[in-house]
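# quick one, what's the 3D model for this:
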Amino acid sequence: MSRNDPARPYLGSMGIYLFKTSVLVELLTRHPRYDDFGGDIIPEAIQSHEVFGFDFDGYWEDIGTIRSFYETNVKLTTYNPPFNFYDPQSPIYTHARPLPGSVVLDSDLKDVLLAEGCRVQKAKVRHSILGLRSQVAAGACIEDSIVMGADYYDIETTPHKIPLGVGRDCHVEGAILDKNVRLGKGVVIRPFPRGTDLDRETWFVRDGIVVIPKSTTLPPGTRIEPK
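Alright, predicted model coming up:
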C-alpha cells in the first residue's frame, strides 16, 4: 500500500518476508516443527544467515492470533479507524465481484462494514463486519462480531433446512462466524472472559472469542455462552 511520498512511501504493511528458496528449505528441513516466521524462522535465520530489515513506521498490526485478528478487523468499523481505505492518493482495489448490491430492509445498523451481496432484514447490527453474501434474518442482533459471509447463495429452500447465515431472533456477540455458517432460529452466542480457551465439536473459543468454523450448522435454540 504505497503513496507518492518519498519520506513515507508506504501506508500499511501486511508483513512481507523474502527468502532465498534454498535457505528457507534448509531452515524448515532442519526444524520441521517451525510454523511461524516471526517467532521461529526469522530468529533462527539470524543465527546462521545475513538478515536485513526495513524500518517501517506506517500502519501495521499482527494478526497471528484469533484475538489480534478479531480486534484489528472490528477497529476498522469505527468512525475514525486506524487505517484509511479511502485515501485518494493511494487507492486500494479489490477483486471485482459480479454480485448484486446489498439490501438492508427496516434494520438498525451502526459502525458496520457491509460487503457486496448481503441481505439484512429487520435486524440490529452494531460494530461488526458483514462479509460477502451475508444473510441476516428478522429479529437478529449482531454486536462486536465478524461474519465472514458465504461462498454461494442457497438454492434449496425446503422447510426443514436451516438457511445460510444468521437466522431469525439470533443473538451473536463477540464472535467470528466463518463462511457458509448456518444459525438456526434463536441461537445465542456470547463472548467468554478473556483468556478462555475451549474446544467443542461445532465451535471453539480462543482468548474469549467464540469461533464458529466454516460450513457449521447450529440447530435452533443453541446457546454458546459462559455458565
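# contacts and neighbour counts: CA atoms only from here.
Will do.
# any weak-confidence spans in this structure?
Applying pLDDT under 70 to the chain picks out residues 1-16, 56, 156-160.
# tell me where it has helices.
Using DSSP state H, the helices found in the chain span residues 21-30, 42-48, 66-75.
# any idea which of these is most buried?
Of all the helices of the chain, helix 66-75 carries the top mean neighbour count, a mean of 16, counting by mean count of other Cα atoms under 10 Å.
# rewinding a little: can you list the helices of the chain in TSV and add distance to L109?
TSV is the format used below for these (distance: least, Cα to Cα, whole Å):
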stretch	distance to L109
helix 21-30	47
helix 42-48	43
helix 66-75	14
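# show me what the residue nearest to the spatial centre of the chain is bridged to.
With distances taken as Cα atoms, centre = their mean, the chain has I146 as the residue nearest its mean C-alpha position (5.5 Å). Per DSSP bridges, residues listed as beta-bridge partners of I146: I129, I176.
# L177 is in contact with that one, correct?
Yes - I146 is within contact range of L177, at 6.2 Å (criterion: Cα atoms under 8 Å).
# burial of Y153, as a residue count?
Burial of Y153 is recorded as 14 neighbouring residues (other Cα atoms under 10 Å).
# returning to that earlier point: mind listing what the residue nearest to the centre of the chain touches?
Counting by Cα atoms under 8 Å, 6 or more residues apart in numbering, I146 makes contact with 70, 73-74, 128-131, 175-177.
# show me how to select, in PyMOL, the buried members of those.
Selection command for PyMOL covering only the buried members of these, criterion 16 or more other Cα atoms under 10 Å:
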select buried, resi 70+73+74+128+129+130+131+175+176+177
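# my read: K185 touches G165, true?
No - with contact taken as Cα under 8 Å, K185 and G165 are classed as non-touching, separated by 10.7 Å.
# of the two, give the one with the bigger neighbour count.
Ranked by neighbour count (other Cα under 10 Å), K185 and G165 place G165 first, with 27 against 23.
# so that one is in contact with N180, correct?
Yes - between G165 and N180 there is a contact at 7.0 Å, judged by Cα under 8 Å.
# tell me, what's touching those two both at once?
Contact with both G165 and N180 is made by residues 149-150, according to Cα under 8 Å, 6+ apart.
# would you mind writing the CA trace of stretch 47-64 as PDB?
Presented in PDB, the C-alpha positions along stretch 47-64 are these (Å, rounded to 0.1, in the frame of the first residue of the first chain):
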ATOM      1  CA  GLN A  47      21.900 -17.100  13.900                       C
ATOM      2  CA  SER A  48      23.200 -18.500  10.600                       C
ATOM      3  CA  HIS A  49      22.500 -16.200   7.700                       C
ATOM      4  CA  GLU A  50      22.500 -12.500   6.700                       C
ATOM      5  CA  VAL A  51      19.200 -10.900   7.600                       C
ATOM      6  CA  PHE A  52      18.100  -7.400   6.800                       C
ATOM      7  CA  GLY A  53      15.000  -5.500   7.900                       C
ATOM      8  CA  PHE A  54      13.100  -2.400   6.700                       C
ATOM      9  CA  ASP A  55      12.400   0.300   9.300                       C
ATOM     10  CA  PHE A  56       8.600   0.700   8.800                       C
ATOM     11  CA  ASP A  57       6.700   3.400  10.600                       C
ATOM     12  CA  GLY A  58       3.300   3.100   8.900                       C
ATOM     13  CA  TYR A  59       0.200   1.200   9.900                       C
ATOM     14  CA  TRP A  60       0.900  -2.400  10.900                       C
ATOM     15  CA  GLU A  61      -0.900  -4.900  13.100                       C
ATOM     16  CA  ASP A  62       0.000  -8.500  13.900                       C
ATOM     17  CA  ILE A  63      -3.000 -10.800  13.200                       C
ATOM     18  CA  GLY A  64      -1.300 -14.000  14.100                       C
END
